[in-house]
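Participant: this is the structure alone, sequence omitted:
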């Protein structure tokens with residue numbers, strides 16, 4: 001499960017980096033909006049993934 005999180009973080013960093021590079025190249029604020037949306041949705045997804053991981057660990061303890 002943590003491999004999925006690492007892969008997701010790599011993809012997010014790559015996509016946010018591309019968005020920032022495109023923003024610097026074109027000065028189009030849409031790319032900053034896309035980068036911020038990607039960061040927000042990734043944060044939510046990682047919180048859900050952490051909750052599932054926590055539940056899994058709690059089930060194994062019980």
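Facilitator: Arrived safely. In this text the structure is predicted, and so the values were computed from the model without any measurement.
Participant: which residues touch the residue nearest to the spatial centre of the chain?
Facilitator: In the chain, the C-alpha nearest the mean C-alpha coordinate belongs to residue 42, at 2.8 Å (C-alpha atoms, centre = their mean). The neighbours of residue 42, taking C-beta atoms under 8 Å, 6 or more residues apart in numbering as the test, are 8, 9, 12. Heads up, the C-betas are built off the backbone N, CA and C, glycines and all.
Participant: what helix or strand is it on?
Facilitator: If you go by DSSP states H and E, residue 42 is part of helix 30-61.
Participant: for that helix, buried residues please.
Facilitator: Residues 31, 34, 35, 38, 42 are the ones in helix 30-61 that count as buried (16 or more other C-beta atoms under 10 Å).
Participant: quick check: mean pLDDT of that helix?
Facilitator: When pLDDT is averaged over helix 30-61, the result is 92.
Participant: what about that helix, distance to the chain center?
Facilitator: Distance of helix 30-61 from the chain centroid (C-alpha atoms, centre = their mean, to the nearest Å) equals 7 Å.
Participant: so who does the closest residue to residue 20 other than its chain neighbours touch?
Facilitator: Spatially, and ignoring its direct neighbours in sequence, residue 20 is nearest to residue 35 (6.2 Å; C-beta to C-beta, 6 or more residues apart in numbering). Contact partners of residue 35, counting by C-beta under 8 Å, 6+ apart, are 15, 16, 19, 20, 23.
Participant: what's the burial count for the fourth one?
Facilitator: Read it as residue 20. Residues lying near residue 20 (other C-beta atoms under 10 Å) number 13.
Participant: same question for the last one.
Facilitator: In terms of burial, residue 23 registers 17 neighbours under the definition other C-beta under 10 Å.
Participant: just the element for it, please.
Facilitator: helix 2-26.
Participant: buried set for that helix?
Facilitator: Here helix 2-26 shows 12, 16, 19, 22, 23 as buried, counting by 16+ other C-beta under 10 Å.
Participant: now do the contacts for the closest residue to the fourth one other than its chain neighbours.
Facilitator: Spelled out, that is residue 22. Setting aside the residues directly before and after it, residue 22 is nearest to residue 31 in space (C-beta to C-beta, 6+ apart), at 4.6 Å. Residues in contact with residue 31 (C-beta under 8 Å, 6+ apart) are 19, 20, 22, 23.
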